[in-house]
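**Q** Predicted model follows, preceded by the sequence.
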There are 2 protein chains.
Amino acid sequence: MATRGKLFVVGIGPGALEHMTLKALDVLRRAEVIVAYTGYLKILNKLGLTRGKKVLATGMGEEVKRVQLATEEVLKGHDVALVCSGDPGIYGLAELVFRYLDGMSLSIDVEIVPGITAAIAAASILGAPLNNDFVILSLSDYFTPWNEILEELRAVAKTELVIVLYNPSSSRRHDKFSEALKLLAEARGDPIICVVKNAYRDDQQIVVTKLSQLNPQLVDMNSIVIIGSKRTQRLRNGCIVTLRNKALKLN
Amino acid sequence: MATRGKLFVVGIGPGALEHMTLKALDVLRRAEVIVAYTGYLKILNKLGLTRGKKVLATGMGEEVKRVQLATEEVLKGHDVALVCSGDPGIYGLAELVFRYLDGMSLSIDVEIVPGITAAIAAASILGAPLNNDFVILSLSDYFTPWNEILEELRAVAKTELVIVLYNPSSSRRHDKFSEALKLLAEARGDPIICVVKNAYRDDQQIVVTKLSQLNPQLVDMNSIVIIGSKRTQRLRNGCIVTLRNKALKLN
C-alpha cells in the first residue's frame, strides 16, 4: 500500500540554523505538516516555517507519539516533516520510524534527510580533534544498562581512539559521569578533555583541560565531551587537533 | 599579526549539493578566493560559485600545497574558502590548516564550516544503522602502519559497537580489506555488512549482505562499509536499523 504522502525525517543540525542543509530547509518549506518536539517550535517559527501549516508538537519523552502522529498524517495523503535536532540517525528518530512502520506493517515512502550531528559541530568549534579514528558513545542509561555502557567504555578507553560522549551527564546521574571519568583516567592517564556546551547557541561554552582538572559539574545533557588520544594535542594557537600524519613536516 | 582576510575551511558534504549547509553555501558565495581539489571544480562550477573569483586548484596528494595557497591568499587580505568534501574535520584538511599555521607561527582568522560526513550520508541511505554507539576507522595505511590499524580493528571488533570503515580498499590494497574482513569474521561471526558506494551521486550503489557473502572486489575508495553489531537488524521493509531501545514495543 503506497501512499501519496511522504514522510521526511529531517535533521536540522546543531543550535544554529545556518548549519541546516539546503535539503532540510527545502523539505521543511514544502511540507504540509510539521511534527516536532515542542522545544524546537521557536526555532522553526523564527524561519517562518510553521506559517500556514499544520503543526503537531509533543513533549520530551513522547517520541513514539511523534512518530505515530507523523505517520497518521502521511496516511491521510500529506507530505510530513518529522523534525530531529542534529542527525536523525544518531540517537535520533529514524530508527523508531522504521521499527514502527515495520511493526505496523505499513508501507509508506520515507526519506531520511541527514544533518550535522553534535560531535561534528563540537569538533569544528575546537579545531580538528576528530581527524583520526574515533568512537561515539552515549552515557545515557535510559535504554542501556549502566554496566554495559561501562564495559564498552572500558574496551575503547584502552585503544587509541578519540572518544566522544553524548548525553554525558544529567542532574539525575552526575555520579555516573564521575565514574566514567575515573575509568578513563585509569586507562589513559591524564588525556586532554574538551567540553562543548550548547554548541553554536548564544550561551555556547568551551572547556579544554586535562582530565584530572575537569570539574564534572560543568557537564550537562547539552554538552559534548571529547577525550583525546595520544595523538591529540593543543597547539600554541589554542586549537585542538588529533594528528593523522604524525611525521608530516609542514615548514 | 591579525589579518583582514579570513580562512574558511568548508565542508561541502557528500556527493549531492543539496546536502551542503546554508552556511557553507553562503561562505562559498562570499569568498573572494576558492581553493579546491581539481576534482571538485565541476561541482562548484555547477553552482556558479567560481564565476568572477580567483580559483586555485591542486591535484590529489597536494593537500599541503592547497593549505599553503589558501594561507597566502588570506595574508594578501582576501577571504578564502578552502573546500573539503564531507566534513573538514574528519579525515579532512582542518587539522593540516591548524598545524601549518602553528608551525609557521602565523596568526590568521580561521573558521571550520562543518559538513555532512560520509558515514552519516551512507547511514541515511540505509535506514538507521548508526542509532547506537559506533566507531569510525580508516583502513588507509598511507599515514598509519597497517599493524596499528589491525590492532585497533581487533579491539573494536570485540565490542558491541557498529563499525564504519572509511577508505576501505583501493586497487593497491585489495588484499588488506580481505584481511580486515577475516579478522571481523573471527570476532563477530557473520554480522550484517553494508556497502554504500558513491553516496548521493548518480552512480550510487548499495549492497546489504552477510559478511561471509560479501564480494570484496565491490568495495573501493568511494565506498563506506558499515559492519553491524548484535543490535543491527534488517527489517522486513529492507531498512537497516541498530536498535537503541531493544525492549520497546511499538504496536
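**A** Received, thanks.

**Q** Identify the residues contacting A:Asp202.
**A** With contact set as Cβ atoms under 8 Å, 6 or more residues apart in numbering or on different chains, A:Asp202 has no partners. (Each C-beta comes from the backbone N, C-alpha and C, glycine too.)

**Q** same thing with A:Gln68?
**A** A:Gln68 neighbours (Cβ under 8 Å, 6+ apart): A:Tyr100.

**Q** Quick check: it is in a helix.
**A** Yes: counting by DSSP: H, G, I helix; E, B strand; the rest coil, one finds A:Gln68 located in a helix.

**Q** Next one, pLDDT for it please.
**A** Per-residue confidence at A:Gln68 stands at 96 (pLDDT).

**Q** And for A:Thr71?
**A** In this model, A:Thr71 is scored at 97, pLDDT.

**Q** just checking, it touches A:Ile108?
**A** Yes: at 6.8 Å, A:Thr71 and A:Ile108 qualify as touching, with contact defined as Cβ atoms under 8 Å.

**Q** Between these two, point out the one with more neighbours.
**A** A:Thr71 (23 against 20; other Cβ atoms under 10 Å in any protein chain shown).

**Q** Extract the CA atoms of the helix or strand hosting that one and return them as PDB.
**A** Using DSSP states H and E, the element containing A:Thr71 is helix A:63-75. Presented in PDB, the C-alpha positions along helix A:63-75 are these (Å, rounded to 0.1, in the frame of the first residue of the first chain):
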ATOM      1  CA  GLU A  63       9.000  10.300  20.700                       C
ATOM      2  CA  VAL A  64       6.700   7.300  19.900                       C
ATOM      3  CA  LYS A  65       3.700   9.600  19.900                       C
ATOM      4  CA  ARG A  66       5.500  12.000  17.500                       C
ATOM      5  CA  VAL A  67       6.200   9.100  15.100                       C
ATOM      6  CA  GLN A  68       2.600   7.900  15.300                       C
ATOM      7  CA  LEU A  69       1.200  11.400  14.600                       C
ATOM      8  CA  ALA A  70       3.600  11.900  11.600                       C
ATOM      9  CA  THR A  71       2.600   8.500  10.200                       C
ATOM     10  CA  GLU A  72      -1.100   9.200  10.500                       C
ATOM     11  CA  GLU A  73      -0.700  12.500   8.600                       C
ATOM     12  CA  VAL A  74       1.200  10.700   5.800                       C
ATOM     13  CA  LEU A  75      -1.600   8.100   5.600                       C
END
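
**Q** which residues do A:Thr71 and A:Ile108 both contact?
**A** Joint contacts of A:Thr71 and A:Ile108 (Cβ under 8 Å, 6+ apart) are A:7, A:101.

**Q** Tell me the buried residues in the one helix or strand in chain A whose mean pLDDT sits lowest?
**A** Least confident helix or strand, chain A: helix A:41-46 with a mean of 87, by mean pLDDT, DSSP states H and E. Across helix A:41-46, burial judged by 16 or more other Cβ atoms under 10 Å in any protein chain shown covers A:41, A:43-44.

**Q** what does stretch A:140-151 give?
**A** For stretch A:140-151, the neighbour count (16+ other Cβ under 10 Å) marks A:140-141, A:144, A:149-150 as buried.

**Q** what sits up against stretch A:177-195?
**A** Applying Cβ under 8 Å, 6+ apart, the external contacts of stretch A:177-195 come out as A:122, A:126, A:129, A:139, A:149-150, A:153-154, A:157-158, A:163, A:165, A:168-169, A:205-212, A:214, A:216, A:218-219, A:223-229, A:232-234, A:240.

**Q** ok, back up a step: the next helix or strand along the chain from the least confident helix or strand of chain A vs helix A:63-75, what angle?
**A** As assigned by DSSP H and E, the chain's next helix or strand after helix A:41-46 is strand A:54-58. When axes from the mean of the first three to the mean of the last three Cα atoms, to 10 degrees is applied, the directions of strand A:54-58 and helix A:63-75 differ by 160 degrees.

**Q** What helices and strands are in contact with strand A:54-58?
**A** strand A:33-37, helix A:41-46, helix A:63-75 (3 or more Cβ pairs under 8 Å, 6 or more residues apart in numbering or on different chains; DSSP states H and E).

**Q** quick check: domain ranges of chain A?
**A** A:6-116, A:119-242 (automatic domain parsing).

**Q** a markdown table for the ones you listed, including distance to B:Gly86?
**A** Formatted as a markdown table, these follow (distance: least, Cβ to Cβ, whole Å):
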| stretch | distance to B:Gly86 |
| --- | --- |
| domain A:6-116 | 11 |
| domain A:119-242 | 10 |
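
**Q** So which of those domains is nearest B:Val55?
**A** Closest approach to B:Val55 among the domains of chain A (Cβ to Cβ): domain A:6-116, 21.8 Å.
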